[in-house]
Each structure stands twice: as structure tokens, then as C-alpha cells.
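*Asks:* Quick one: sequence and predicted model below, then my questions.
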Amino acid sequence: MNIEDIKHIRNTLRIGISEARQLLEDHGTVTSAIKKWKEKQAELLAFEKNKKYISFKNWFYIKDFFIECSQRFFNDNETIPNKIKPLTENYSKKLWNNYVSEKHRHLMMVTSDDDWKIKHVESFINEWNWTTSWNENDEGAFEKNVKHRLDWDANDMIYFFWGRYTGAETNWETLYKYWIPFMYEDEMNIVVNPKSKKVLVIGVHGSIAIGERIQTTKD
């Protein structure tokens, strides 16, 4: 095996000498080795781009934001992580653009009806301020005050978005029973059920509302 060929592969692809040697051994010629390596990288890139979910335990939202709440709600109940599928950034972006807004990456940037794909938003903050229950760790408050307002089945798949690039797939029951770690008082979130036109908009200072999303051809 020609050491100069191995070095050429290494320098061209910017890989280690051992990997370059293995490529040459597997594919016979420098040209074939380089071509096969590039094809493999393209396949891996396409796979990552189209991947929908990331590992729950490696989800940055769990590590950076859910610290206190996750200790209580998720680590003590091994079934819950199996019901929550964190979305990759690419997949979250795709769903957000389809269901929420192609113009803005966060609800706090929405200033007019033209900024998002939601209409007829009606607040019920006068009947329930969610931050009060959130601060009191009232676990049953969401089920009591929100569930009856939406004709969603317990097992309906929903998407909970913190923004364009951060979302999670779960079911309606998981959210209304274990809602506390999903929420932050200075954030705005939106919950989408692909089977329903209704959406749940969760705002700052305890605001909460139900609106209707504009149906798209992608639904």
C-alpha cells in the first residue's frame, strides 16, 4: 500500500492517517476512496437533516432549563420521558413554519395577525391566571382549568413549542397532567394539535388563550 496515496487521502479529506489507510484498503484506489468517503458524509448529513427527534436525556432543555422541575416530575417517573420526544432544530423549524409562523421565530415577535397563522385568539386569563398555580405548584390546575376548553382526546399527539427551533412532541394527557415544567413566566408558548384547528397560546404574566390556526395544504 502506497504511503503517499494514504497521505493524499488524509490531506484531501482532513482525516486521520488510520482512517485514510482503511479507506484505501476498502476501496482500492485513491479516487474511489475519496468518492466513497464523500458519499458517506453526504448520507450522514441528509440523515441528520431529516431526523425528527433527539434523546430526551441529552436534550439541552432538560439540562439547562428543566433542572429543578425535572428532578421532581421526570426523574421520579420513568414513564414520562418515554412520552416526550424532543424535536431536532430542523424538524421543529419545519413544524413551526407550517403551523405557527414563517416570519418570526418566537411569539413575542408577533405584533399583527399577518405575522402568524393564528386567528380569533380569545383569552381566559380573567378565569385563570396560570402563573399563580405555577408558583404554587398546583399540579391539577391545568387539567381543571384548560382541559375542558379543548375537545382533544387524551392520547392526541401535540406539539409544544417554546420557539421555532425548540419544541417537543408528546400527548395531550402528559401536558395537562405534568404541565408545570413546561412553563416559564417570562416566556410565550404555543400548543398545536395537528388534528384540531384549535391552538393553545400561553403568554407571559399568566395570560392564556385559545385561537384557531389557519389550515394549510401541508396539514
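*Replies:* Here it is on my side, so go on.
*Asks:* which other helices and strands contact the host helix or strand of Thr170?
*Replies:* Using DSSP states H and E, Thr170 sits within strand 166-171. Packing contacts for strand 166-171, counted by 3 or more C-beta pairs under 8 Å, 6 or more residues apart in numbering; DSSP states H and E, involve strand 85-86, helix 89-99, strand 157-163. Backbone N, C-alpha and C define where each C-beta goes, glycine included.
*Asks:* Now tabulate these in a markdown table and tack on distance to Asp5.
*Replies:* Listed next are the helices and strands packed on strand 166-171 as a markdown table, based on distance: least, C-beta to C-beta, whole Å:
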| stretch | distance to Asp5 |
| --- | --- |
| strand 85-86 | 44 |
| helix 89-99 | 37 |
| strand 157-163 | 49 |
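*Asks:* weakest of the ones you listed in terms of mean pLDDT?
*Replies:* Comparing mean pLDDT across the helices and strands packed on strand 166-171, the lowest value falls on strand 85-86: a mean of 88.
*Asks:* what's in contact with that one?
*Replies:* Lys52, Tyr53, Ile54, Ser55, Phe56, Trp59, Tyr61, Ile62, Gly167, Ala168, Glu169, Thr170 (C-beta atoms under 8 Å, 6 or more residues apart in numbering).
*Asks:* so what are the domain limits for the chain?
*Replies:* What automatic domain parsing lists as the domains of the chain is 3-50, 85-213.
*Asks:* quick one on the thing from earlier: quick one: closest of the helices and strands packed on strand 166-171 to His106.
*Replies:* Between His106 and those, the tightest spacing by C-beta to C-beta is seen for strand 157-163, at 4.6 Å.
*Asks:* In the sheet, which strands lie alongside that closest one, parallel or antiparallel?
*Replies:* Under the criterion DSSP bridges, strand 157-163 sits next to strand 166-171 (antiparallel), strand 189-192 (antiparallel) in its sheet.
*Asks:* Tell me which of those is the most buried.
*Replies:* For the strands paired with strand 157-163, the largest average neighbour count (mean count of other C-beta atoms under 10 Å) is found in strand 189-192, namely a mean of 23.
*Asks:* Tell me where this protein is predicted with low confidence.
*Replies:* Residue ranges of the chain with pLDDT under 70: 44, 47-48, 50, 58, 60-82, 216-219.
*Asks:* Brilliant, that's me finished.
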